[in-house]
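A.B. asks: the amino acid sequence is not available; the structure is as follows:
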């Protein structure tokens, strides 16, 4: 028969009851401690019984987490339905066939092929969309620097 190993040379082995009281009970989290007592885990005298109680508590906590997720999803669904006046999907007005390639420079107010900033358009006004995008980016960076109180480095 093999001798049990201990951490220290002259250490004394704990009984199951001591192990339950000094290790298990002391290291349970606050949520688990309450449930452990309610399930009479503190009255158990064997590690096997304690494990059984802890597994039951863990299963209950897992189910509780699943229920919370489900309730959260239902709340989000209700909020979405409230925004759409109780309808599952908002009604979309269909004015007719929508052009395929809308202009991103002018907030999709016209087709890209007709954009005055498209160099390939017959309506080209001489200012390329690249120049407009550079100006917008520079303005955004300047606004950001002003907001944080700094100056742009050269």
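C.D. replies: It's in. Treat the numbers as computed from the prediction; the structure is a model and nothing was measured.
A.B. asks: in the longest helix seen in the chain, what's buried?
C.D. replies: For the chain, the helix with the greatest residue count under DSSP state H is helix 47-83. Residues of helix 47-83 classed as buried under the neighbour-count rule (16 or more other C-beta atoms under 10 Å) are 50, 53, 54, 57. For glycine as for every other residue, the C-beta is placed from the backbone atoms N, C-alpha and C.
A.B. asks: turn those into TSV, including pLDDT and distance to residue 23.
C.D. replies: Compiled in TSV, those are given as follows (pLDDT from 0 to 100; distance: C-beta to C-beta, whole Å):
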residue	pLDDT	distance to residue 23
50	84	10
53	84	15
54	83	12
57	81	17
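A.B. asks: any chance of JSON lines for the residues you listed, columns distance to residue 27?
C.D. replies: Putting the buried residues of helix 47-83 into JSON lines (distance: C-beta to C-beta, whole Å) gives the following:
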{"residue": "50", "distance to residue 27": "12"}
{"residue": "53", "distance to residue 27": "15"}
{"residue": "54", "distance to residue 27": "11"}
{"residue": "57", "distance to residue 27": "14"}
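A.B. asks: show me what contacts the nearest residue to residue 118 once chain neighbours are set aside?
C.D. replies: What sits nearest to residue 118 in space, not counting adjacent residues and going by C-beta to C-beta, 6 or more residues apart in numbering, is residue 112, at 5.9 Å. If a contact means C-beta atoms under 8 Å, 6 or more residues apart in numbering, then residue 112 has 101, 102, 103, 104, 118, 121 as its contacts.
A.B. asks: between the residues you listed, which sits nearest residue 13?
C.D. replies: Of all the contacts of residue 112, residue 13 sits closest to residue 104, with 74.4 Å by C-beta to C-beta.
A.B. asks: could I get the pLDDT score of the closest one?
C.D. replies: Note for residue 104: predicted pLDDT of 81.
A.B. asks: touching the lowest-mean-pLDDT helix or strand in the chain from outside, list them.
C.D. replies: Sorting the helices and strands of the chain by mean pLDDT, DSSP states H and E puts helix 30-38 at the bottom, at a mean of 76. Counting contacts by C-beta under 8 Å, 6+ apart, the residues outside helix 30-38 that touch it are 25, 28, 42, 53, 54, 57, 60, 61.
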